[in-house]
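Q: Turn this into a structure:
(chains A and B)
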Amino acid sequence: DIQLTQSPSSLSARVGDRVDITCRASQRIYFYINWYQQKSGKAPRLLIYGASTLQSGVPSRFRGSGSGTDFTLTIANLEPEDFATYYCQQSFSPPRTFGQGTRLETK
Amino acid sequence: EVQLVQSGGGLVKPGGSLRLSCAASGFIFKTYTMNWVRQAPGKGLEWVASIIGSSTDISYAASVKGRFTVSRDNAKQSLDLQMDTLRVEDTAVYYCATDGGSFDASGFYLEFWGQGTLVSVSS
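A: Model (predicted):
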């Protein structure tokens, strides 16, 4: 199975900050990476697919980049509603594994 | 509007069985691959199973293969997960989710999600 390692596992930031969350795959997965946001007690929400395509309705302050084995989710100008947990997921090879998650907390 | 409304779940003893359901509306259900994803308390997300529209291709995570069975009824626009021989480690919130995308384009992704239902396995 392809392993995805996210860093950091947790992150403290302020409203207005820019944050980067990285996801490293154990093998080359080209652009087959997705990013999800999950708030406490809620279902995950798709943010970005295919490494860099913004899902409909997702604010443009979210950006995905990377290819091969290293990927980044960037959130520019943090808003209060962005404090949540973020997961990457690969769809290159079954089973479609997830990263362990990055918890974004308010500083 | 796409809606996935889940039902089932609850408390069951180890070795017991439980059936989850997911009622879909707002899209052409039979054309979508459907998935089950779970999340143990305080843990991350784990893909559990998927079933394509025609039910001719079904996949399971190694952790549930042989114990869980996913099925769908396209006429009723519903998805089920039959969970047998349940273990304590199956305790989790279970989500149904639609597939989006294609391998040739941006890859597959989990586009729409149900609200989740809690399965607790404990003696």
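Q: Please report how far the residue in chain B positioned nearest to chain A lies from A:Phe31.
A: Chain A sits closest to B:Ser106 of chain B, with a gap of 2.6 Å, by Cβ to the nearest Cβ. For the C-beta atoms, the positions are set from N, CA and C on the backbone; glycine is no exception. B:Ser106 sits 7 Å away from A:Phe31, going by Cβ to Cβ, to the nearest Å.
Q: Can you pull the residues of chain B lying near chain A?
A: Contact residues (Cβ under 8 Å from any Cβ of the partner chain) of chain B with chain A: B:37, B:44-47, B:59, B:61-62, B:95, B:97, B:100-101, B:103, B:105-111, B:113-116.
Q: which residues does A:Tyr36 bridge with?
A: Beta bridges link A:Tyr36 to A:Leu46, A:Tyr87 when assigned by DSSP bridges.
Q: what are the phi and psi angles of the residue of chain B closest to chain A?
A: phi -100, psi 10 (degrees, to the nearest 10).
Q: quick one: contacts for the residue lying closest to it once chain neighbours are set aside?
A: Residue nearest to B:Ser106 in three dimensions, not counting chain neighbours: A:Gly50, with 2.6 Å by Cβ to Cβ, 6 or more residues apart in numbering or on different chains. By Cβ atoms under 8 Å, 6 or more residues apart in numbering or on different chains, the contact list for A:Gly50 reads A:Phe31, A:Tyr32, A:Ile33, A:Asn34, B:Gly101, B:Ala105, B:Ser106, B:Gly107, B:Tyr109.
Q: List the contacts of the one helix or strand the fourth one maps to.
A: Spelled out, it's A:Asn34. In the assignment (DSSP states H and E), A:Asn34 maps to strand A:33-38. Under the criterion Cβ under 8 Å, 6+ apart, residues A:23, A:25, A:44-51, A:62, A:64, A:66, A:71, A:73, A:82, A:84-91, A:101, B:45, B:107, B:109-110 lie in contact with strand A:33-38.
Q: Just the CA trace of it, in CSV.
A: Extracted as CSV, the C-alpha positions of strand A:33-38 are listed here (Å, rounded to 0.1, in the frame of the first residue of the first chain):
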residue,chain,number,x,y,z
ILE,A,33,-3.6,13.4,-4.7
ASN,A,34,-6.7,14.9,-3.1
TRP,A,35,-7.1,17.2,-0.1
TYR,A,36,-10.0,17.2,2.4
GLN,A,37,-11.0,19.4,5.3
GLN,A,38,-12.8,18.0,8.3
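Q: Hmm, A:Ser93 and A:Leu4 touching each other?
A: No: using Cβ atoms under 8 Å, A:Leu4 is not in contact with A:Ser93, being 11.6 Å away.
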